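Asker: Sequence first, then the predicted structure:
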Amino acid sequence: MSKEYHYIVNPSVVAENEAVAREAYEWGDFIFCFLLIHTLIEALLRTFLGRTGKDRFADLIDAYKNYLKEEKQPEPVFVDELIQFNRRRNQLVHGLWKNGYAETNKKLEPSCRAAFIMFGLLIEWFETFDTEITESGFSYES
């Protein structure tokens, strides 16, 4: 491993969280699934950017956007999707207090499915910049 990913994430923890997110989806616990995927994407961003601090998710998106500018990327790939994803997470949390668990969970399946897809695509995209990112435990094939 050329980078010190093990200081940011533990690959076995990443694999466990990915497995539990899949199981939660299969059980129909879309809230738990979505929140785990949000956590996994946050960990992926932290790992990719080398950020171990207490940055908020929005700060990580800004850092990622700046990274793309530094890399002279003509398009801010995944930036809008990450912003919308974080907004959806905030709506989920507010929905729990407004509509309750069952009602919020019922509406979340499509968002959870889309989050899985985005997570996999994001891993593949990050691999174009850093071929060793998957050594930190993130897997888009599962």
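Answerer: Cool, got the structure.
Asker: So which bits of the strand or helix carrying E81 are buried?
Answerer: If you go by DSSP states H and E, E81 is part of helix 79-99. Neighbour counts over helix 79-99 (16 or more other CB atoms under 10 Å) mark 81-83, 85-86, 88-89, 92, 95 as buried. For glycine as for every other residue, the C-beta is placed from the backbone atoms N, C-alpha and C.
Asker: Could you let me know which of those ends up closest to Y101?
Answerer: Using CB to CB, G95 comes nearest to Y101 of those, at 9.3 Å.
Asker: mind checking pLDDT for the closest one?
Answerer: Here the pLDDT value assigned to G95 is 92.
Asker: Surely it is in contact with N105?
Answerer: No: look at G95 against N105 with CB atoms under 8 Å: they stay out of range, at 9.3 Å.
Asker: Reformat the buried residues of helix 79-99 into JSON lines and put distance to D130 next to each item.
Answerer: Formatted as JSON lines, these follow (distance: CB to CB, whole Å):
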{"residue": "E81", "distance to D130": "19"}
{"residue": "L82", "distance to D130": "18"}
{"residue": "I83", "distance to D130": "22"}
{"residue": "F85", "distance to D130": "21"}
{"residue": "N86", "distance to D130": "23"}
{"residue": "R88", "distance to D130": "27"}
{"residue": "R89", "distance to D130": "25"}
{"residue": "L92", "distance to D130": "30"}
{"residue": "G95", "distance to D130": "35"}
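Asker: what's the closest of those to W27?
Answerer: L92 (17.1 Å).
Asker: And the closest one, how close does it get to Y67?
Answerer: Going from L92 to Y67 by CB to CB, to the nearest Å gives 27 Å.
Asker: Counting neighbours, what do you get for M118?
Answerer: Residues lying near M118 (other CB atoms under 10 Å) number 18.
Asker: same check, this time on F126
Answerer: 21.
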